[in-house]
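Engineer: Predicted structure and sequence below. I'll ask about it afterward.
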Amino acid sequence: MASFFRFFNNLGAVETDSPALRLQKRFLVYLGLAMSIGGLIWGTLSVYFQLYVPAIIPYGYTCLTAINFIFFGIFRNFRAVRFVQVLISLLLPFMFQYALGSFAATGAIMLWALISLVGAFTFESLRNTLYWLALYVILTLLIGFADSNNLGLLKVPAELSTVFFVLNISVISSIVAGLSYYFLKSRGQILEELAEAKRETDVVMSSVDEGLFLLRLVGDRYMVGSQQSDAVSRIFGIEKLPNTDFATAMTPFFNESKQKEIINFLELLRSNKVKGEMLSALNPLDGVAISPKGTSEPRYVKFGFSAVRVGQPDEYLARVTDITQAKLLQEQLEETERKNQENTQMILSVLQVGPAMLNDFLAGVDEELAIMSGILQNDKSPEEVKQRIEDLYRSVHSIKGNASLLDLKLLVNITHELEEKIIRIRAQERTEWNDFLPVAIDVSRLETALDSVRGLLTRLRDFHATSDNSGPSAMAAIPQALEEMVRRISAQYGKKVAMDFSAFEASVLPDHKASILRDILVQITRNAVVHGLEAPDVRRGVGKPETGTISLSLKDNDGRIQIVIKDDGASFNFDAIRKIAESKRNVDTATASGWTNKDLIKFLFEPGFSTAESADANAGRGMGLDIIRQRIKRIGGDLRISYGAG
């Protein structure tokens, strides 16, 4: 018996059936079995009362049901089997009713047709059920018409009508009760399975690290589904995303520009004309920063979108992954790599410099740091520090120039950032100690970096001292360092520059004066490359060689040291100088036009005066010539300038 029920339980079933579909198939099978039992009883009673022709109908129903179920077991075509079974289950009672003499025989047979309607309501769509209901009503009207016009085929004896009535009521009631019990039991079992499935789904949704939710296309907008994994709450800092359109749900987490990108991307999803690989490439949410509620720390997330049904843009599974740790690790690795590159570059640069040059560099840096520390003393008021802001700026710029000479990019970058902060303070009308805090922090950062450099340079200096003490002196090393610096800067600006040191006599100055000379030469040589010398195509246009020349001479002129720097560039752009000076001094054009070229050249030596359109690590601060003037003034020298147009 158990095998019998197990066979019919699984008749027509496939592994991919949902619980609801499995229940529909079982109900259809048991409906056919129940009505087939009724058909056998009807047929047998009809034969007993010698109603042989009407007996064919219930027996035929039983045979058709058997054939239909055999087809179901072989081909598992539920749709076709369902249609045939409902149709014959609906037609059987009416045909048998008519064969027995319409309603006059017994109207209880019509109850069998109601069972088929119950089946239709159970496993048919609403539209198909309405079709079956319409057919039921039509057949009822036809039977009623036949009954009212005495069109019945037979006149059934009264005792047979009574037997049919009592039997049909009893059997049909038992079948309906049994089917209802089975249906409710199966429904309860399915509900338990669904509850267990939901529990498992909830466990999965609460355990996965990804934020999961569905996007359903409603009209022209993708709406966020109500079922969301717990990771959504952890990632976005809210209980769950609102059940609104996706673009609106993302509004609290992204700026207006990113919102527009999201809207455009959703249009691509809806169009369904872009391939998956391209969608991934165009995804504006593939690694973005958000600001979750309840925290000030940014979080990096990665969104992914997968169509639920391939080729259908109506529903997407959205996956949100928190990649903050991976992002921070990547940044740390990049920072470590950057520092390693800087240290490697610094080591390579220092290896090319002799011990004397290294000692001189360290001495000059220590001197500038002492000046900076003295300016930023705590016992001074903000106003007193502000009054010496140019001295502070000058020392930072000097360190940057000397670091650039040795190609120490780490120090160049730190001092360049420090200059930016000093410029902002210099532009303020009123200052407080808090304004100088970023400067003090950067100075401390500079000292830390210099300590690292000092340790490296000390080891390299000791290495030079123990292995080879015949390196060039601090003075003799200046030309080579300048030439290397000019090579780097000219490459950055797309210029060709040659250096001429044929008249440079290093022996006329002692090594302890090298730091002052180096400061002067770094600033003025860099200015010559950036501001004076033209690009190769410009030089060709005015009949000059593509390669510009900077010549440097150092000699003793009757007991007085003479340094001469000359370049064959375009000389001063007095129109540009006049325009900038007019703006900085806030004077009218008439006053500015009265300035002589000598007046304009003096403006160039004022702190912060530059004709560069933008500042970079090499130019644009307006401090280079100011440093030259201060250094020459410090040693009691004088400065002379000669120029010629072109």
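Structural biologist: Sure, I can see it.
Engineer: Sketch out the helices for the stretch 1-150 of the chain, chain order is fine.
Structural biologist: 2-9, 19-48, 52-75, 78-99, 110-123, 126-148 (DSSP state H, counting those that start in this stretch).
Engineer: can I get the CA coordinates of the longest strand seen in the chain in CSV?
Structural biologist: The single longest strand within the chain, with elements called by DSSP state E, is strand 547-557. Backbone C-alpha positions of strand 547-557 (Å, rounded to 0.1, in the frame of the first residue of the first chain) are rendered in CSV as follows:
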residue,chain,number,x,y,z
THR,A,547,70.2,73.8,-27.3
GLY,A,548,70.4,76.7,-24.9
THR,A,549,73.6,77.3,-23.0
ILE,A,550,74.2,78.3,-19.3
SER,A,551,77.8,79.3,-18.6
LEU,A,552,79.2,79.6,-15.1
SER,A,553,82.5,81.1,-14.1
LEU,A,554,84.1,81.5,-10.7
LYS,A,555,87.4,83.4,-10.3
ASP,A,556,89.5,85.6,-8.1
ASN,A,557,89.4,89.2,-9.5
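Engineer: Could you list the low-pLDDT ranges of the stretch 501-646 of the chain?
Structural biologist: Low-confidence segments of the stretch 501-646 of the chain (pLDDT under 70): 608, 612-624.
Engineer: and what of the stretch 201-350 of the chain?
Structural biologist: In the stretch 201-350 of the chain, residues with pLDDT under 70: 201-207, 274, 276, 294, 342-343, 345-350.
Engineer: Also the stretch 1-150 of the chain?
Structural biologist: Across the stretch 1-150 of the chain, the ranges flagged by pLDDT under 70 are 1-2, 102-111, 119-124, 148-150.
Engineer: Could you look up the SS state of Ile441?
Structural biologist: Judged by DSSP: H, G, I helix; E, B strand; the rest coil, the three-state class of Ile441 is helix.
Engineer: Report pLDDT for it.
Structural biologist: Looking at Ile441, its pLDDT reads 82.
Engineer: Pull the contacting residues for it.
Structural biologist: Listed by Cβ atoms under 8 Å, 6 or more residues apart in numbering, the contact set of Ile441 is empty. To be clear about C-beta, it is placed using only N, CA and C from the backbone, and glycine gets the same treatment.
Engineer: Provide the backbone phi and psi angles at Ile263.
Structural biologist: phi -60, psi -40 (degrees, to the nearest 10).
Engineer: What sits closest to it if chain neighbours are left out?
Structural biologist: Ala247 (5.2 Å; Cβ to Cβ, 6 or more residues apart in numbering).
Engineer: circling back to that earlier point, with mean neighbour count added, can I get the helices of the stretch 1-150 of the chain in CSV?
Structural biologist: Formatted as CSV, those follow (neighbours: other Cβ atoms under 10 Å):
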stretch, mean neighbour count
helix 2-9, 10
helix 19-48, 19
helix 52-75, 17
helix 78-99, 20
helix 110-123, 19
helix 126-148, 14
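Engineer: so which of those helices comes closest to Gly237?
Structural biologist: Closest of these to Gly237 is helix 19-48, at 37.0 Å (criterion: Cβ to Cβ).
Engineer: what inclination does the closest one have with respect to helix 2-9?
Structural biologist: 110 degrees (axes from the mean of the first three to the mean of the last three Cα atoms, to 10 degrees).
Engineer: for helix 19-48, packing partners?
Structural biologist: Contacts defined by 3 or more Cβ pairs under 8 Å, 6 or more residues apart in numbering; DSSP states H and E place helix 19-48 against helix 2-9, helix 52-75, helix 78-99, helix 110-123, helix 158-207.
Engineer: how about the helices of the stretch 501-646 of the chain, start to end?
Structural biologist: 514-527, 536-541, 574-585, 589-593, 597-604, 624-634.
Engineer: about what we covered before: so which of the helices of the stretch 1-150 of the chain gets nearest Ile520?
Structural biologist: helix 19-48 (89.2 Å).
Engineer: what's the angle from that closest one to helix 52-75?
Structural biologist: 150 degrees.
Engineer: Could you figure out how far helix 19-48 is turned away from helix 78-99?
Structural biologist: 30 degrees.
Engineer: how distant is helix 19-48 from the center of its chain?
Structural biologist: 60 Å (Cα atoms, centre = their mean, to the nearest Å).
Engineer: coming back round to it: make TSV out of the helices and strands packed on helix 19-48 and add distance to Gly237.
Structural biologist: Listed next are the helices and strands packed on helix 19-48 as TSV, based on distance: least, Cβ to Cβ, whole Å:
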stretch	distance to Gly237
helix 2-9	50
helix 52-75	54
helix 78-99	48
helix 110-123	46
helix 158-207	17
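Engineer: For stretch 220-230, buried residues please.
Structural biologist: 221-225, 228-230 (16 or more other Cβ atoms under 10 Å).
Engineer: what about Tyr222, which SS state?
Structural biologist: strand.
Engineer: Distance check, it against Asp245.
Structural biologist: Going from Tyr222 to Asp245 by Cβ to Cβ, to the nearest Å gives 6 Å.
Engineer: And Glu432, by the same measure?
Structural biologist: Glu432 is 48 Å from Asp245, by Cβ to Cβ.
Engineer: Could you double-check that Phe213 lies in contact with Ala318?
Structural biologist: Yes - using Cβ atoms under 8 Å, Phe213 is in contact with Ala318, at 5.4 Å.
Engineer: Quick check: closest non-adjacent residue to Arg76.
Structural biologist: Using Cβ to Cβ, 6+ apart, the closest residue to Arg76 is Gly12 (5.0 Å).
Engineer: quick one, which of Glu432 and Asp245 is more surrounded?
Structural biologist: Asp245 (18 against 11; other Cβ atoms under 10 Å).
Engineer: wait, isn't that one in contact with Gly219?
Structural biologist: No - using Cβ under 8 Å, Asp245 makes no contact with Gly219, being 9.2 Å away.
Engineer: show me the residues around the residue most central in space within the chain that make contact.
Structural biologist: Centroid-nearest residue in the chain, with Cα atoms, centre = their mean: Gly287, separated by 2.4 Å. Residues near Gly287 by Cβ under 8 Å, 6+ apart: 300-302, 323, 327.
Engineer: Which single one of these is nearest to Thr62?
Structural biologist: Nearest to Thr62 among these, with distances taken as Cβ to Cβ, is Lys302, at 62.9 Å.
Engineer: ok, the closest one - how many residues close by?
Structural biologist: Count around Lys302 with other Cβ under 10 Å applied: 17.
Engineer: tell me the contacts of it?
Structural biologist: 285-288, 320-321, 323.
Engineer: Sitting in helices, which of those residues do you find?
Structural biologist: Assigned to helices by DSSP state H, none of these qualify.
Engineer: Report the buried members of those residues.
Structural biologist: For these, a burial check counting by 16+ other Cβ under 10 Å picks out 285, 288, 320-321, 323.
Engineer: any chance of those in CSV, plus distance to Val208?
Structural biologist: Listed next are those as CSV, based on distance: Cβ to Cβ, whole Å:
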residue, distance to Val208
Leu285, 19
Val288, 20
Val320, 11
Thr321, 10
Ile323, 15
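Engineer: In strands, which of those residues appear?
Structural biologist: 288, 320-321.
Engineer: tell me which of the residues you listed is nearest to Arg578?
Structural biologist: Looking across those and measuring by Cβ to Cβ, the closest to Arg578 is Val288, at 48.9 Å.
Engineer: coming back round to it: out of the ones in strands among the buried ones among the contacts of Lys302, which comes closest to Val84?
Structural biologist: Nearest to Val84 among those, with distances taken as Cβ to Cβ, is Val320, at 49.1 Å.
Engineer: Give the closest residue to that closest one in space, chain neighbours not counted.
Structural biologist: Gly211 is the one closest to Val320 (Cβ to Cβ, 6+ apart), at 3.5 Å.
Engineer: Next, count neighbours for that neighbour.
Structural biologist: 24.
Engineer: Enumerate every residue touching it.
Structural biologist: 228-229, 231-232, 234-236, 318-322.
Engineer: Distance of it relative to Thr321?
Structural biologist: Taken as Cβ to Cβ, the span from Gly211 to Thr321 is 8 Å.
Engineer: Likewise for Ser381?
Structural biologist: 53 Å.
Engineer: hang on, the earlier thing: closest to Leu167 out of the helices of the stretch 1-150 of the chain?
Structural biologist: helix 19-48 (6.9 Å).
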